[in-house]
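Q: Below: sequence and its predicted model.
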Amino acid sequence: MSGALSTAHSVVAPSGRVKLLAGTIVVLYALVAIVPLLWIGLTSIKTPPDSISYPPKVVPFLHFEPSIEGYCNLFNTRSRQTADYLASLPPANSACEEITRSRSMVVVGPSNYVPRFVNSLIIAFGSTLLSVGLGTCAAYAFSRFKVPLKDDLLFFILSTRMMPPIAVAIPIFLMYRELGLSDTRLGMILLYTSVNVSLAVWLLKGFIDEIPREYEEAAMIDGYTRLQAFRKVVLPQATTGIVATAIFCLIFAWNEYAFAVLLTSGTAQTAPPFIPIIIGEGGQDWPAVAAGTTLFLIPILVFTVLLRKHLLRGITFGAVRK
Amino acid sequence: MRAAYPPIAHRVRGLSDKAIAWIFIAPTMILLLAINLFPLIWTIQLSFTNYRANRPNAPLRNVGLEHYQTILSDPEIWQRMQATAHFVFWTILLQTVIGFALAYLIDRKFRGHGFWTTLILIPMMLSPAVVGNFWTFLYQPQIGLFNYVVSFFSGIPPSSFQMLGDVNLSPWAIIIVDTWMWAPYVMLICLAGLRSIPDYIYEAAEVDRASNWRQFISITLPMCLPFIMLAVLFRGIENFKMFDMVNLLTSGGPGSTTELASITLKRAAFEAWRTGYSSAFAIILFVAVFGLANIYVKALNKVKAR
């Protein structure tokens, strides 16, 4: 919009009033759309009674006193005790213990949230590493070499992503039962890799297509082999694309629920199937659920901001570039 | 390859390009064959049997096309398909209208539009399951924020309606959440479409004294159409196989009003353990999605060609 172009643009540039109106509507939409998320964050710092009060309590300190009870209940399992027993205990040695005792309960041990969160991390990073590794190689081959049936292979790779997860889960369930991969992290890593590799190939092919062939050719004239040129010329050039692709794979694996709920139950269970079943006494413990949700969503918020320039590419399998 | 670059091909030491191509592609293909194609073939085979995964040792009987006949002539299945179609139709319509409108407004390039765009995009990055779960909280009658806001603006008592428990409201409850989550997706793609229109076309229209409305109808909309189509097809495929969010919001209820095809499949396969039957249903869904995917890839290539 600068220099010589600015005069050309003035004909079509929106007027100040149009901008103001458009801006107002978009900002209003954004604010309304963000309310559910803010509400979850707020609920996570309420006590259970505050979280279900009517009318809703909105402003911390003014309408309600913030509390870490939700986070305590998320990380601990509790058990109800008699008043006599509670009175006989030594003074509480942590804030969480104190809050728990004020509800006539004691902390009996850590909850399953941390192990589930760790599973999510291991499975997400493991499958991302694998799918990006496989995807980069395959994408390079598809981008640079004459591969027989190239378009059909690429379509096959994409079509695997189109299958309904529940339909895939039926035979995978049987297969994993035979192979002893049910409810194992390795099983989930392989499964998520097979889903993500299609995205990785398509996205990375786009990124590698954009790197001029002349770079490798020059390197090869200088005596590099094809593999050396790939490693020392193409990979460094494709770093941005590889990182963006990795984050997309990470987000998918992090968010995935259908396979996780059907194929894992304990040792390999990830956070998404676990968060909804955090239950307190007498119904769902909303502050604890909200706390679990908040902690689970924070990485995604960070990634969204990091990825914003490549989002479009990622969600359209590389079809639309800016 | 060789024809295009004769001087280099002769100089290359080490592995030939052909060998490298196969070494690079093979691991991906092997993984996809093992975890996608092989299970698919197994599913086809199971769909002709009476196999039940919870009784692996029961005698296996070949039932031929019986399951397919049962499914395709079952009025209940067609009801589920209708529920799915209702969900897909309304989510796509709302998301396209809202998404395109937002993109159009953002393309006015007001100050700070980058920040607000990123903010709007957040919902679509979240885990659908976790989203479904926390919307059940917002939808609680009496204590939920959604009911409170509705009653605040309309005066209807917040405990008088249940978004998730009412036969008439629950199909709309899932449509609202899906639209909240995915309208930004359509917006992002439409925004790319709007930005792909070169300014000189509008300038020419200005010279011809075309009205704003006229410009919108004969320039903006048609040039954006391939992008809108892309978004619609992608959302169509994704929502056709929708499982996670709806499973957590309503798990198909109340009754079976929001029981989408994937939820029916999950109930048959993992609750009733009718593995043979559900395999047949899975294949039917496959064929439907595959058809859509075919159209989708053609549309992708069309957009790419621009």
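A: Structure received.

Q: shaky segments in the chain?
A: Looking at chain A here, since you left the chain open. Along chain A, the parts satisfying pLDDT under 70 run over A:1-12, A:280-282, A:322.

Q: The chain in question should be chain B.
A: B:1-13, B:300, B:303-306.

Q: Can you classify residue A:106 by secondary structure?
A: At residue A:106 the chain is in strand, as set by DSSP: H, G, I helix; E, B strand; the rest coil.

Q: can you list contacts of stretch B:69-77?
A: B:256, B:264, B:277, B:280, B:281, B:284 (C-beta atoms under 8 Å, 6 or more residues apart in numbering or on different chains). The C-beta positions use only the backbone N, C-alpha and C, and glycine is treated the same way.

Q: And stretch A:242-249, by the same measure?
A: Contact with stretch A:242-249 is made by A:127-128, A:131-132, A:135-136, A:196, A:199-200, A:203-204, A:207, A:235, A:303, A:306-307, A:310, A:313-314, as judged by C-beta under 8 Å, 6+ apart.

Q: so residue B:158 sits in a helix?
A: No: if the criterion is three-state DSSP, then residue B:158 is coil and not within a helix.

Q: So it versus residue B:138, what's the distance?
A: From residue B:158 over to residue B:138 the distance is 12 Å, taken as C-beta to C-beta, to the nearest Å.

Q: Need the residues touching each of the two.
A: By C-beta under 8 Å, 6+ apart, residue B:158 and residue B:138 have these common neighbours: residue B:144.

Q: and the helix or strand encompassing residue A:301, how far from the chain's centre?
A: Using DSSP states H and E, residue A:301 falls within helix A:286-307. Its chain's average C-alpha position is 9 Å from that of helix A:286-307, according to C-alpha atoms, centre = their mean, to the nearest Å.

Q: quick one: the helix or strand following that helix to chain centroid distance?
A: With elements assigned by DSSP H and E, the helix or strand that comes after helix A:286-307 is helix A:311-315. Relative to its parent chain, helix A:311-315 has a centroid offset of 15 Å by C-alpha atoms, centre = their mean.

Q: when you scan helix A:311-315, is anything in it near chain B?
A: Yes: Helix A:311-315 lies within reach of chain B by C-beta under 8 Å from any C-beta of the partner chain, at A:311, A:312, A:315.

Q: tell me which strands and helices the strand or helix carrying residue B:25 is in contact with?
A: In the assignment (DSSP H and E), residue B:25 maps to helix B:17-32. Helix B:17-32 sits against helix A:113-144, helix A:150-162, helix A:185-209, helix A:226-229, with contacts defined as 3 or more C-beta pairs under 8 Å, 6 or more residues apart in numbering or on different chains; DSSP states H and E.

Q: can I get those in a markdown table with distance to residue B:209 and mean neighbour count?
A: Output for the helices and strands packed on helix B:17-32, formatted as a markdown table (distance: least, C-beta to C-beta, whole Å; neighbours: other C-beta atoms under 10 Å in any protein chain shown):
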| stretch | distance to residue B:209 | mean neighbour count |
| --- | --- | --- |
| helix A:113-144 | 47 | 22 |
| helix A:150-162 | 46 | 17 |
| helix A:185-209 | 41 | 24 |
| helix A:226-229 | 56 | 19 |
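
Q: would you list those in TSV and tack on distance to chain B?
A: Formatted as TSV, those follow (distance: least, C-beta to the nearest C-beta, whole Å):
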stretch	distance to chain B
helix A:113-144	4
helix A:150-162	4
helix A:185-209	4
helix A:226-229	6
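
Q: Give me the phi and psi angles of residue B:126.
A: Here is the backbone geometry of residue B:126 (degrees, to the nearest 10): phi -80, psi 160.

Q: need the helices for the stretch 51-200 of chain B, in chain order.
A: In the stretch 51-200 of chain B, the segments counted as helices under DSSP state H, counting those that start in this stretch are B:66-72, B:75-106, B:113-125, B:128-138, B:145-154, B:170-195, B:199-207.

Q: and the longest one, how far from the chain's centre?
A: Distance of helix B:75-106 from its chain centroid, counting by C-alpha atoms, centre = their mean, is 10 Å.

Q: State the distance from residue B:258 to residue A:252.
A: Here residue B:258 is placed at a distance of 25 Å from residue A:252 (C-beta to C-beta).

Q: Comparing the two, which shows the higher neighbour count?
A: Taking other C-beta atoms under 10 Å in any protein chain shown, residue B:258 and residue A:252 do not tie; residue B:258 has more neighbours (27 against 20).

Q: Ignoring the adjacent residues along the chain, who's closest to the more buried one?
A: Computed as C-beta to C-beta, 6 or more residues apart in numbering or on different chains, the closest residue to residue B:258 that is not its neighbour in sequence is residue B:250, at 4.5 Å.
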